[in-house]
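Asker: No letters, just coordinates:
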């Protein structure tokens, strides 16, 4: 498969898009055909504060050192890489994707001007050596023999995903599996059986009072409990 992937990660001041903002974005353009990184970039984005400094260790003072011109050049470079890609990829893509097209981060568009489709390395890919579903990126890397010297910086996390891709002999097959249609399913488990849903990668959605996961139909056939497909 000759697809190119834009591996993306962000660091933010918090988890609420209405209140917080992206302060770092990184991307790696990755070739599936050659299993190699073609281009990588990382940039801080201006901000007055960083409430998540304990997690990402990005000093607020550093965020005030960037000129508007440099910021604009960084965002144009990111969009240029998107035009070379077929898919955007992130670990926990649901979190990262919500920031693009919001604030200063552009909506990532392909060469035709259409928004890039997103794939999630946490939920869409079936990693051969993962110990469980929805594994953290650090644990996923370690289980595949990849050393982790640092984390919670955007480029470092992108490099971990690229290293994972490097380790997969049949990367085209892994990507084809990740591209299979996925649907929302609700787990039919009792309170006492909730650990089964969690171990299978289902998440508890309090507002719906249900364990939900987005899976292929084939994925559901090996589950140790019944599921119901839902519309959204």
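Answerer: Alright, I've got the coordinates. Just so we're clear, the structure is a prediction, and the values are computed from it rather than from any experiment.
Asker: Check the contact between residue 52 and residue 16; I expect there is one.
Answerer: No - using CB atoms under 8 Å, residue 52 is not in contact with residue 16; the gap is 11.3 Å. The C-beta positions use only the backbone N, C-alpha and C, and glycine is treated the same way.
Asker: domain assignment for the protein?
Answerer: Here the domain parsing of the chain from automatic domain parsing is 4-178, 183-229.
Asker: what's in contact with the longest helix along the chain?
Answerer: Ranked by number of residues, the top helix in the chain under DSSP state H is helix 68-83. With CB atoms under 8 Å, 6 or more residues apart in numbering as the test, helix 68-83 has contacts from 6, 25, 27, 29, 39, 41, 43, 45-46, 88, 104-106, 108-111, 116.
Asker: mind listing what the residue of the chain positioned farthest from its centre touches?
Answerer: Largest separation from the mean C-alpha position in the chain: residue 192, at 31.4 Å (CA atoms, centre = their mean). Listed by CB under 8 Å, 6+ apart, residue 192 has no contact partners.
Asker: Check the secondary structure at it for me.
Answerer: Here residue 192 is helix, with the state taken from DSSP: H, G, I helix; E, B strand; the rest coil.
Asker: any idea how far it is from residue 202?
Answerer: 15 Å (CB to CB, to the nearest Å).
Asker: pLDDT of stretch 49-67, averaged?
Answerer: Averaging pLDDT along stretch 49-67 gives 93.
Asker: Can you point out the buried residues in it?
Answerer: Neighbour-count burial for stretch 49-67 flags 50, 52, 56, 58, 63 (criterion: 16 or more other CB atoms under 10 Å).
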